[in-house]
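**Student:** Fold the following and give me the result.
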Amino acid sequence: MTFDLRAASYEQFERFVFDHPPPTEGAGAVDWFWDALDKAMDDEESYEPPACVPALQVAHLTRLFRDASHLATVYAPEQLCQGFWLLFGAAGGELFQEPMYDPQVPWEARATCFSTLVDLYEGLFAAVWCGDAAYMLFDGLICGHFGYPHPGRRLDAEDLRTRDHIFGVLQRILVVPEESCQRGALHGLGHLMHPGTAEVVDCFLATGKAVNADIAKYASAAKTGDIQ
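**Tutor:** Predicted coordinates for the structure are as follows:
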């Protein structure tokens, strides 16, 4: 299978991500995309690296996140979990995560894309089990770009602007009254290492919005980045 999405319509993009059988259970089971990548790379003469048009990809991602509730009517939870691992795991860095940070894509488009992650959590993850996707999403999105702990390099103005924006997105997800959403947001806050994290978490705890004691305990750990 080719990983060339440069001319993909939104419908083709969505099917590419989610319309695959989930891996069979048991030892040796792998997600379809790892198997496809391995086979493609084995054929060194014809292998072409994943390719996309960053601005188009950001537009597709924005639509996907904004209309996420419909995904549960089309795909099984196991397919959704596998698809989100492609979007936000190591295999999808070039195709899905890098475009969201690409300075060649207008900031307004990228900022909107990040903001619609709130719709993804509210519209899908709050209502439908998608494996560990809600918990691990920001792990891949944040650590894949900023690293964790953050590297010694000084963050430039673009990184600081993006970090501040993601920080605001995480605050909006944090107050969604579902454990999957709050845990995912706290996981992201712990990895983002924004200077305002401790204050936001303290406010969250003080207002009693944590859905249970486990979330309250996890929030305390997220203040210092002591999360997995």
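
**Student:** pLDDT weak spots in the protein?
**Tutor:** 1, 25-29, 40-47, 151-153 (pLDDT under 70).

**Student:** now the helices for it?
**Tutor:** For the chain, the helices defined by DSSP state H occupy 10-18, 32-42, 54-66, 77-88, 98-101, 107-115, 117-120, 133-146, 157-174, 179-192, 197-206, 213-222.

**Student:** Can you add distance to Ala127 and give the ones you listed back as JSON lines?
**Tutor:** The way it works is simple: take the backbone N, C-alpha and C, and place the C-beta from them, glycine included. Below are those laid out as JSON lines (distance: least, CB to CB, whole Å):
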{"stretch": "helix 10-18", "distance to Ala127": "17"}
{"stretch": "helix 32-42", "distance to Ala127": "25"}
{"stretch": "helix 54-66", "distance to Ala127": "15"}
{"stretch": "helix 77-88", "distance to Ala127": "11"}
{"stretch": "helix 98-101", "distance to Ala127": "24"}
{"stretch": "helix 107-115", "distance to Ala127": "20"}
{"stretch": "helix 117-120", "distance to Ala127": "11"}
{"stretch": "helix 133-146", "distance to Ala127": "11"}
{"stretch": "helix 157-174", "distance to Ala127": "14"}
{"stretch": "helix 179-192", "distance to Ala127": "9"}
{"stretch": "helix 197-206", "distance to Ala127": "22"}
{"stretch": "helix 213-222", "distance to Ala127": "18"}
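
**Student:** Any idea which of those gets closest to Phe3?
**Tutor:** helix 32-42 (7.4 Å; CB to CB).

**Student:** buried set for the closest one?
**Tutor:** Going by neighbour count (16 or more other CB atoms under 10 Å), the buried part of helix 32-42 is Trp32, Phe33, Ala36, Leu37, Ala40.

**Student:** Skip the chain neighbours and tell me the closest residue to the fourth one.
**Tutor:** Yep, that's Leu37 we're talking about. Counting by CB to CB, 6 or more residues apart in numbering, Leu37 lies nearest to Ala91, which is 6.4 Å off, once chain neighbours are set aside.

**Student:** I'd say the one you found and Asp35 touch.
**Tutor:** No - in this structure, Ala91 is not within contact of Asp35 by CB atoms under 8 Å, at 10.5 Å.

**Student:** who's in contact with the residue nearest to the spatial centre of the chain?
**Tutor:** In the chain, the residue lying closest to the centroid (CA atoms, centre = their mean) is Leu137, at 3.5 Å. Leu137 makes contacts with Phe84, Phe88, Leu117, Gly184, Gly188, as judged by CB atoms under 8 Å, 6 or more residues apart in numbering.

**Student:** Repeat that for Glu94.
**Tutor:** Pro49, Pro50, Cys52.

**Student:** So which of those residues is the closest to Cys203?
**Tutor:** Using CB to CB, the contacts of Glu94 come closest to Cys203 at Cys52, 38.6 Å.

**Student:** which residues does the nearest residue to the closest one once chain neighbours are set aside contact?
**Tutor:** Using CB to CB, 6+ apart and skipping residues adjacent in sequence, the residue nearest Cys52 is Leu5, 4.5 Å away. Taking CB under 8 Å, 6+ apart as the contact definition, Leu5 lies against Gln12, Phe13, Phe16, Pro50, Ala51, Cys52, Val53, Gln57, Leu95.
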